[in-house]
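A.B. asks: Sequence first, then the predicted structure, then my questions.
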Amino acid sequence: MKRRAANIIAAAVLLSACLLLSAEQNARREAWDPSKYPEETAQLVKQAEEAYAAQKYELALKLYLDIEKAHPEIPLAHIGAAASAAHLDKNALAVKHYRIASDALPHHGSLLGELGDALMRLERHKEAEASYLRALETDAQMRRASWMLSLGTIASQRNQHEKAAEWCRKALEIEPNNAAGRHNLASAMLRLNRLDEADEQYRLALKLNPRNAKAFFGRAQIAQRRGSLYAARDRYLRAAELDPYEPTYHYAAAQTMLRLGDREGYQKALQKYRRAKSETYYVQALNYMRRKEWKSALARLLPAVETDPLYAVPRRDLAFCYLRLGHLKRARAEFQTALKLEPNSPQALLYLGVCEFQSGRMNEAERLFRQTIQLSPDMTDAYQQLTRVFEAQNRMEEAVQTLNEALKRNAEWAPGLWRRGRALSRLGKTAEAESDFRASMRIAPASPFPKIDLARLLAENGRSLDEALKLSEEAHEAAQSAESAAAYAVARHARGEADAARRLLGEALQKDAQHPDVLSARKFIETRAKR
Amino acid sequence: MKRALGACICAFALTVLSTAEAWVAFKEIAQEAGVSFQHDNGAKGERRLPETLGSGCALFDYNRDGLLDIYLVNAGDFQENGAPNKLFKNQGSGAIQMFIDATEEAGVGGSGFGVGTAVGDYNGDGWEDLYVCNFRQNALYRNNGDGTFTDAAQEAGVADPRWSSAAVFFDMENDGDLDLFVVNYIDYQKELDECALDKIRVYCGPERFLPLQDALYRNNGDGTFTDISNEARILFEGRGLAAAAADYDNDGDADLFIANDMNPDFLYQNNGDGTFDEIGFIAGTALTEDAAMGNGMGVDLADFNNDGRLDLLVTNFQDQVNALYRNDPDGFFTDVSFPSEIAVPSLPKLSWGCAFADFDNDGWKDIFIANGHLHDNIAEWSESGVYAQPQLTFRNRGDGTFEDVSARSGDVSLPAVSRGAAFGDIDNDGDIDILVNNLHGQAALYRNDGGNLNGWIRVVLEPTQWAQGARVQLTAEGGTAVIDEPVGDGSYGSHSDMRLLFGVGDARRASVSVRWRDGQTSAPVETSVNRSVVIRRPAE
């Protein structure tokens, strides 16, 4: 598709040179010829083409859309925008611009074909069909077979297998060596249970591509329907060997082996099926997890673990989703199951510890975090979580000690420095705390947390009040949290801005009235006000 | 079917039947027959999964007058009160109004959000009882024998509070009393039930909810049951939606098949010692030929190819095949959905209730499948999906293949959003009629017109508590032996006529024998066609 889209742009430029010379067409030719554009536009076109050629599709799309905005009459802008959008999987946008371009150039078959392809990707089959049929009415020679195969696919999805076969045959008349065409024709025949014809086409497909797993699978199904179980088994196994990630092949092989009395082979193939099938769900789940769409991820992880109960990885992520969704009990149970499957999984231990911590079982949480550190001494999250346990129990010396160990391994760990600063501050070691906050800020200047704590520390000690104000203001702008509002309030109050401080304290209380930072800020302000 | 059609019409129809194209027509008669039932799914625009399931129905003779009565399960608001189920008493086809609403006097309206129902004489008093699967607590309506029922679920120990979808009465140990298998669906959590597609609110699928373990209750013989799921090894959790019990391996005890939604289907082989083994993967019924994990919605077992073994039909979601599994002599099932030609017409349909039934009495079991999408707004976001869908009817050609005759089957070709379907001869005229419960719509009663132009023999097994699981063999004059077994509970949360109706084509006589589930046999009974034969279990 990518190469085709590049061809389209090239063909479009070429086409511009071939346009006939009627007055209207002359005007259009001028619209196509970048040398006729204003200098600025011609420059943009050049940049867009370069970006496209360099596969910088985001940039290319932006540039083509800029051109289109200024000159909507230029088909090239629409074609470029559409082709770039197609590369970025923005198919609705691609459809929009291919449509405009093909309306402007209704006899340009390739554009209609590309429009059809984009519509296919959106599963708008009816419109795609119309587009392909229009493309076939033009005299475009390239890719006719491909459009016919797409029409065959549409027919097949409508369960019109005779029609699908007809389109495949037409495509194969143009391109007899089109492997996809052979394969699709074979599949249509198989669906119609016309086994001899299906087998013949699968054989031809395999001649063209001997590593076509689907064709082996198709031939295996034919063998099975004919009762040739040994042949079916061998072909299923070959398909599974060529594409081990396709669960279907393993399952079919398993069933056939069982019928042949090979229970061991059956068990092995069945387990491969379970793992491959589980993997397909898991891959989908990962996409949702990356986007933090936990409910949707959960919907994929549940079948993943049901399909292969021995697969620890999706089980662990399932537990993690539960944790993120606040289902603590379920998260805990799933982490425990994951640990039975993979007892030394640092991630499972860590998050089971988080479950225990959130459930108030501090001793168990501490044990799990210590075990995680032992297994994975570079896992900074484990130190951080262990520190939280100590903080919650006011064991600040141990918190500092834990963070010292982590920082020995990674002295540039900004959250560790910040957390140690907090612990030191609570121990009254303000100079060392300040030093940690400043180091953390140097490493992670965008993080509001060390700024909040340093601002509090300075303001509460009546030092560097301008800096405290600046830091707290920056932090509050970034975080808009209860803690940042509280720090800002303290800094303003330390500078004698009582009204502003009270307003900010109100904001902090509204956000989280029980937060210890908010409560201590309130105490600080009230005490100062009484004085 | 009206006998009064006249001899000349019959003669014409017989001529038509003699061609390969002959088929029956179904006429929708619910309103004119007095079956006025509006299903309510409680939808308020929030699009919550429970609203999509719809409900089942039952054809059974609750007052023992020889006529099939109708029970239609209703749903309602799953968060508040359910809508009442309805019982319609059959007064006979000669009555001014064939069915009258007997719900109130019988006391079977209930207030649960109902899904499926099962029928069986669990206390062996000769009167058939009703079990209703609800979103919350299930109900067991004990038939008092005087036209009324009493909810005995609590005292019987079967008031399962989980979301149940279907149930099956069957005798797991062949000890004479009916045990109960309850299919449970999902651990529903409303806060997880929010889905959108391109900013359009849609119904979520079941995969985001934990599946529930099914339940097996052993009948204690004193009106109570004991949950023996774990000791019987009914251990798996499958988001089940349908179940049927029948002796698929011809070893004399009833096995269980469960159609699961977004899970491999289960086949529990009865070991005969109070335990079961789940062998779906081994037998080849867990997944379809292309290893697709279906959204199993409905199930039936019967011998479609007359080879003496019960085959399996499982309905699935749109773009999944409705799976036809042929039971082979080697103990395995083969998915013959495509070779049998039922797969392709099934793919555009989202299918639910189903049955093998010989609608044209030619001696070969045909297939009926009720359809209807679950997304009421499917047209907004899908080109291929249609909410209201025609039903599917397949004529058995007798050579292992089926002809899609949906378009020429009369009113069943009209689109509907169907769910449960029950099958039985409501007018005792010798052909099988169909009752369909439509989601948030009027129930449909399809009268079979034309089926009885071929010969038939109805086999009534008594006592009713022994009918389930009995193996009946019928040999028509000049024909080969065919078998059948009253399955009763199955389809989608529905219960069908336990009386077996055998089509015998143009044969004039037949012989009927029975092997009861306790191993006793009844001597062959010779009979002429177009009549009922009552066979009592010898010990009675």
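C.D. replies: Structure's in. What do you need?
A.B. asks: Chain B contacts on chain A?
C.D. replies: Contact residues (Cβ under 8 Å from any Cβ of the partner chain) of chain A with chain B: A:123-126, A:157-159, A:161, A:190-191, A:193, A:221, A:225, A:247-248, A:250-252, A:254-255, A:258-259, A:266, A:270, A:273, A:277, A:295-296, A:298-300, A:302-303, A:306-307, A:325. Glycine gets a C-beta too; all of them are placed from N, C-alpha and C.
A.B. asks: ok, of those, which come out buried?
C.D. replies: A:124-125, A:157-159, A:161, A:190-191, A:193, A:221, A:225, A:247-248, A:250-252, A:254-255, A:258-259, A:266, A:270, A:273, A:277, A:295-296, A:298-300, A:302-303, A:306-307, A:325 (16 or more other Cβ atoms under 10 Å in any protein chain shown).
A.B. asks: which ones are touching residue 187?
C.D. replies: You didn't pick a chain, so chain A it is. A:156, A:198, A:214, A:218 (Cβ atoms under 8 Å, 6 or more residues apart in numbering or on different chains).
A.B. asks: you looked at the wrong chain, it should be chain B
C.D. replies: By Cβ under 8 Å, 6+ apart, the residues touching residue B:187 are B:162, B:163, B:209, B:210, B:211, B:212.
A.B. asks: restrict those to contacts with chain A.
C.D. replies: B:209, B:210, B:211.
A.B. asks: Show me those residues that map onto strands.
C.D. replies: B:210, B:211 (DSSP state E).
A.B. asks: quick one: which of the ones next to chain A among the contacts of residue B:187 is nearest to residue B:507?
C.D. replies: Distance to residue B:507, by Cβ to Cβ, is smallest for residue B:211 among the ones next to chain A among the contacts of residue B:187, at 47.5 Å.
A.B. asks: how many other residues sit next to that closest one?
C.D. replies: 23 (other Cβ atoms under 10 Å in any protein chain shown).
A.B. asks: Show the pLDDT at it.
C.D. replies: pLDDT, residue B:211: 93.
A.B. asks: these two touch, right, it and residue B:186?
C.D. replies: Yes. Assessed by Cβ atoms under 8 Å, residue B:211 is found in contact with residue B:186 at 6.0 Å.
A.B. asks: Now the common contact residues for those two.
C.D. replies: The contact sets of residue B:211 and residue B:186 overlap at residue B:239 (Cβ under 8 Å, 6+ apart).
A.B. asks: Low-confidence regions, the chain specifically.
C.D. replies: No chain in the question, so chain A it is. Chain A contains residues with pLDDT under 70 at A:1-35, A:531.
A.B. asks: was after chain B, sorry
C.D. replies: Checking chain B against pLDDT under 70 turns up B:1-21, B:540.
A.B. asks: need the residues of it near chain A, please.
C.D. replies: Taking Cβ under 8 Å from any Cβ as the contact definition, chain B meets chain A at B:192, B:194, B:204-205, B:207-211, B:237, B:262-263, B:281-282, B:284, B:287, B:289-293, B:330, B:332, B:338-339, B:341, B:343-345, B:347-348, B:382-384.
A.B. asks: so what does the strand or helix carrying residue A:78 touch, helix or strand wise?
C.D. replies: Assessed by DSSP states H and E, residue A:78 sits inside helix A:75-87. Counting contacts by 3 or more Cβ pairs under 8 Å, 6 or more residues apart in numbering or on different chains; DSSP states H and E, helix A:75-87 is packed against helix A:2-18, helix A:23-32, helix A:39-53, helix A:57-70, helix A:91-104, helix A:109-121.
A.B. asks: same thing but at 7 Å, please
C.D. replies: If contacts are counted by 3 or more Cβ pairs under 7 Å, 6 or more residues apart in numbering or on different chains; DSSP states H and E, helix A:75-87 sits against helix A:2-18, helix A:39-53, helix A:57-70, helix A:91-104.
A.B. asks: any idea how far chain B is from the residue nearest to residue A:67 when sequence neighbours are not counted?
C.D. replies: Closest residue to residue A:67 apart from its sequence neighbours, by Cβ to Cβ, 6 or more residues apart in numbering or on different chains: residue A:77 at 4.1 Å. Separation of residue A:77 from chain B (Cβ to the nearest Cβ, to the nearest Å): 27 Å.
A.B. asks: nearest spatial neighbour of the residue of the stretch 101-250 of chain A found nearest chain B, skipping sequence neighbours?
C.D. replies: Nearest residue of the stretch 101-250 of chain A to chain B, counting by Cβ to the nearest Cβ: residue A:248, 3.9 Å away. Nearest non-adjacent residue to residue A:248, counting by Cβ to Cβ, 6+ apart: residue B:291, 3.9 Å away.
A.B. asks: what do you get for residue B:490?
C.D. replies: Residue nearest to residue B:490 in three dimensions, not counting chain neighbours: residue B:244, with 3.5 Å by Cβ to Cβ, 6+ apart.
A.B. asks: Next, count neighbours for that neighbour.
C.D. replies: By other Cβ under 10 Å, neighbour count at residue B:244 equals 30.
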